[in-house]
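Visitor: okay, here's the prediction I keep looking at, along with the sequence it came from:
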Amino acid sequence: MKIIRTILTLVLISLCSIVSGQERERVPENEIKEIIGLAIELPELQQYFHVDKDSTRIPLIIKEFGTVNSINLKGLQKFGVPIKVIDEKSIKGENIDAYLNIGDWTYGGNNLRLQMDYSIEGITINMRLNRINGDWKIVDSVIFEE
């Protein structure tokens with residue numbers, strides 16, 4: 001129920017922005033790697049990767065999401081190896097189940113709200129980040145289990 005409420009809230013916020021004529025700001029491309037790096041290192045998220053029991057989850061796969069792509073995430077590592085960013089067509093074509101999906105993000109100046117899901121574990125991750133003294137910091141996060 002909480003997930004449905006969260007999704008409905010996100011839809012409502014998006015619709016209000018469209019109706020009021022506000023355009024979403026774009027996350028600076030040079031900051032995407034830092035933001036996603038913080039997100040995948042969220043301490044509460046680590047227990048869901050299960051790489052010790054399932055080696056097929058290495059490398060971490062992230063589904064491409066706009067500017068969250070292999071160019072902007074080049075050099076980002078998880079589990080000591082580079083992450084892999086692939087598009088939805090490749091995920092379906094290769095029958096990949098273990099991938100991190102960025103559902104949405106809302107950016108405004110020094111604030112970012114990020115939603116991701118890791119469907120193989122049945123979780124949705126919501127986090128809020130703030131840019132403080134030029135560096136991004138996670139200030140709030142919650143993980144919903146289905």
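Guide: Received the coordinates, thanks. Predicted model, so just to flag it, every value in this text is computed and none were measured. Numbers count the residues shown, from 1 in each chain.
Visitor: quick check: V68 touching N101?
Guide: No. Taking contacts as C-beta atoms under 8 Å, V68 lies outside contact range of N101: 10.3 Å. C-beta here means a position set from N, CA and C on the backbone, and glycine is covered the same way.
Visitor: which residues do these two both contact?
Guide: Residues touching both V68 and N101 (C-beta atoms under 8 Å, 6 or more residues apart in numbering) are I62.
Visitor: tell me the spacing between I125 and Q115.
Guide: According to C-beta to C-beta, to the nearest Å, I125 and Q115 sit 7 Å apart.
Visitor: comparing these two, which residue is more hemmed in?
Guide: Neighbour count, other C-beta atoms under 10 Å: between I125 and Q115, I125 has more, with 22 against 17.
Visitor: in terms of helices and strands, where is that one?
Guide: strand 123-132 (DSSP states H and E).
Visitor: how close does K78 sit to D104?
Guide: Distance from K78 to D104, by C-beta to C-beta: 21 Å.
Visitor: excluding sequence neighbours, find me the nearest residue to N111.
Guide: Nearest residue to N111, sequence neighbours excluded (C-beta to C-beta, 6 or more residues apart in numbering): N130, at 5.7 Å.
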